[in-house]
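*Asks:* Structure of the sequence below:
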Amino acid sequence: MPDSRRPYLKFPRPSGPYYEVRSQYLSQGDLISEVPFGVMGPELLYDEETPGFVLQRVEIRPGIIISPTCDFRRPTIEELNQNPGLEPYGLQPHVVVAQVIPLREVAEKWGNGRESKLGLMFAYDAIRRYAYLPSVDGNAENDMVVDLLRTDSIAIPLLVDLRIIQLTFSAAQHLQYKIVLAATSTYTDRSAYNPPLT
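*Replies:* Numbers count the residues shown, from 1 in each chain. Got it, this is the predicted structure:
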């Protein structure tokens, strides 16, 4: 019986494949190569020429779409394939994208607990703030994490041509589980999630 102080023991990380390419249309869980994330603080930069005008630094990083697919794309892939003239992204002009960071960059900050936290990440993806993503190329040196607390609203046209790959159904379920865990600290069986991948 798992320890009640460690509820993540009931929810091991998915062991199957994480990636596939299903369609040309964006969905939740799509990995994007370059996303312009606004950086807030720690200091504000002011344009001295224009009173009250604040400059916002932009950081280009990989990202992953965390908006539910049905929030921004209503036609199914089947409907879009039957009628390519349909507008796929007519519901809203933006999606929420979370930053994707190299795991090694995050692990460097963990100090003495690094090996323990890495073990929890690989077996259970147990660190609430981050969602583990194995590398796309199979090289463990390129493993990544989704920082679920560093998100931005990005215009869909900026993302359409920059998708690298899509998550499989089980990996998309896991992403939804991690989004809920990061936002609420609630552990929910992944089978409760039915991500719309079509």
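*Asks:* Just grab the bridge partners of I32 for me.
*Replies:* G63, R163 (DSSP bridges).
*Asks:* Pretty sure it sits against G63.
*Replies:* Yes. If you go by Cβ atoms under 8 Å, I32 and G63 touch, sitting 4.7 Å apart. Where C-beta positions appear, they are placed from N, C-alpha and C, glycine not excepted.
*Asks:* neighbour-wise, which of the two wins?
*Replies:* Between I32 and G63, G63 has the larger neighbour count (other Cβ atoms under 10 Å), namely 29 against 23.
*Asks:* Contact partners for the more buried one?
*Replies:* G63 sits next to 31-32, 35, 37, 97-100, 152, 154 when contact means Cβ atoms under 8 Å, 6 or more residues apart in numbering.
*Asks:* Which pLDDT does the model give it?
*Replies:* We note a pLDDT of 97 for G63 in this prediction.
*Asks:* Please report how far the closest residue to Y8 other than its chain neighbours lies from R104.
*Replies:* In this structure, Y8 finds its nearest non-sequential neighbour in A126, 4.0 Å apart by Cβ to Cβ, 6 or more residues apart in numbering. Look at A126 and R104: by Cβ to Cβ, to the nearest Å, they are 18 Å apart.
*Asks:* out of those two, which sits in the busier spot?
*Replies:* Remark: of A126 and R104, A126 carries more neighbours, 20 against 14, as counted by other Cβ under 10 Å.
*Asks:* lowest confidence element among the helices and strands of this structure?
*Replies:* For the chain, scoring each helix and strand by mean pLDDT, DSSP states H and E identifies strand 45-46 as the least confident one, at a mean of 69.
*Asks:* Could you report the neighbour count for the nearest residue in space to R57 that is not next to it in sequence?
*Replies:* Nearest residue to R57, sequence neighbours excluded (Cβ to Cβ, 6+ apart): V39, at 4.2 Å. For V39, the neighbour count with other Cβ under 10 Å is 11.
*Asks:* Next: Q166.
*Replies:* Count around Q166 with other Cβ under 10 Å applied: 22.
*Asks:* And the one 4 residues further on, by the same measure?
*Replies:* For S170, the count of nearby residues is 16 (other Cβ under 10 Å).
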